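Chemist: Here is a sequence with its predicted model. Questions after.
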Amino acid sequence: FFFFLKMKFFVVLLFPIFLFSQEKDSLTIKVSGFLETYYAYDFSNPTNDVKLPFMYNYNRHNEFNVNNGLIRAQLQYGTTYASIAVHAGTYVDDNYASEDIKLLSEAYVGLFLNDNKKASIEVGILPSYIGFESATTGANLTLTRSMLAENSPYFETGIKLNYVSKSEKWTFNLLGLNGWQRIASLTPSFSPSLGLQITYIPVKEWLFNYSNFVGEINSFVPFNQVT
C-alpha cells in the first residue's frame, strides 16, 4: 500500500506466514512467522540515510529493506506454557539499540493458577500492554504504526499476573517491570516499575481498556544517541 506524508512515501509489503501446529500427548507446539519489507524515499535526502531519528520503523532512506522479520514458537503442556520469538530488521536495529539482548522479541513462561485457566502468572520478555498497535503490523488496524505507537512501548520485561472474570467480560493484569520498554535495567539502583491494565468487553463489538504505568520512563536511549 502507499501513503504520502510531507513529500515522503513508503511501500510496505506484509508476508504473514503460519507454519505448523503439532500436538503430541498433552504438549502443544505452534510455530508462526512474519516478514515485513519496505522501501522508503525521503526527498530531503538525509546525509546519514536515516529519515526520522525519533521513529523506529521504515526508517532507512532510498533502500529496500526488512523492517521486521519474526519467528515465534508457542508451547503448552498442562498448566504451563511458554513463548519465544526471535526477530531481525531495521526496526530491531533502531528500537533495541541500547539493549544487550537484541535477538529476542519475546521470551516468557507462564503458569495457570486454577483449573479453569482464568488466572495465570507470566515472567520474562512480554508484549506491551500499553497501546493498541503491535510491532507485528499484521495485528494493527491500519497495517502500520502511528506516532502514538512510536512513543509507547512495544515490549516489556518483568512479571505479570492475569485474571479473567467468570463471564470473560473483565480482564485484570498487574505487572512489575524493569522500566518503560526495557529488557535489562540500566543501573543496579534502578527502581522497578508497576503497571495495571483493566479491559471490559460488554459485547463482542466493543472493548474498553485502561492501562497505566508508574515508574521512570527516561530509561530508553534513542538509537541515534548510542555510540
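Modeler: Yep, it's here. Residues are numbered from 1 along each chain as shown.

Chemist: list the buried ones in stretch 64-79?
Modeler: The neighbour-count check on stretch 64-79 (16 or more other CB atoms under 10 Å) flags 65-72, 74, 76 as buried. No exception for glycine: its C-beta is placed from N, CA and C like everyone else's.

Chemist: Quick check: the gap between the most centrally placed residue in the chain and residue 87.
Modeler: Central residue check for the chain by CA atoms, centre = their mean: the C-alpha nearest the mean position is that of residue 154, 3.7 Å away. Remark: distance between residue 154 and residue 87 (CB to CB, to the nearest Å) = 11 Å.

Chemist: Need the overlap of contacts for those two.
Modeler: residue 135 (CB atoms under 8 Å, 6 or more residues apart in numbering).

Chemist: For residue 149, what is the enclosing helix or strand?
Modeler: helix 147-150 (DSSP states H and E).

Chemist: what is the rounded mean pLDDT of that helix?
Modeler: The predicted model gives helix 147-150 an average pLDDT of 82.

Chemist: what's next to that helix, contact-wise?
Modeler: Contacts of helix 147-150 (CB under 8 Å, 6+ apart): 54-57, 131, 133, 140.

Chemist: Give the buried residues for it.
Modeler: 149-150.

Chemist: ditto for stretch 108-127
Modeler: Buried, per 16+ other CB under 10 Å, within stretch 108-127: 108, 110, 112, 120, 122, 124-127.

Chemist: again with stretch 133-153
Modeler: Quick answer for stretch 133-153 (16+ other CB under 10 Å): 133, 135-137, 144-145, 149-150, 152-153.

Chemist: Using PDB, list the CA coordinates for that stretch.
Modeler: The C-alpha trace of stretch 133-153 is given here as PDB (Å, rounded to 0.1, in the frame of the first residue of the first chain):
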ATOM      1  CA  GLU A 133      -0.500  -1.200  17.900                       C
ATOM      2  CA  SER A 134       1.900  -4.100  17.900                       C
ATOM      3  CA  ALA A 135       5.400  -4.400  16.500                       C
ATOM      4  CA  THR A 136       3.800  -7.100  14.200                       C
ATOM      5  CA  THR A 137       1.900  -4.800  11.800                       C
ATOM      6  CA  GLY A 138      -0.500  -7.600  10.700                       C
ATOM      7  CA  ALA A 139      -2.200  -7.200  14.000                       C
ATOM      8  CA  ASN A 140      -2.700  -3.400  13.700                       C
ATOM      9  CA  LEU A 141      -5.900  -1.700  12.400                       C
ATOM     10  CA  THR A 142      -4.000   0.300   9.800                       C
ATOM     11  CA  LEU A 143      -1.200  -2.200   8.900                       C
ATOM     12  CA  THR A 144       1.300   0.400  10.000                       C
ATOM     13  CA  ARG A 145       2.200   2.400  13.100                       C
ATOM     14  CA  SER A 146       1.000   5.800  14.400                       C
ATOM     15  CA  MET A 147       3.200   8.500  16.100                       C
ATOM     16  CA  LEU A 148       1.400   7.500  19.300                       C
ATOM     17  CA  ALA A 149       2.600   3.900  18.900                       C
ATOM     18  CA  GLU A 150       6.200   5.100  18.400                       C
ATOM     19  CA  ASN A 151       6.100   6.800  21.700                       C
ATOM     20  CA  SER A 152       4.600   3.900  23.600                       C
ATOM     21  CA  PRO A 153       6.400   0.600  24.500                       C
END
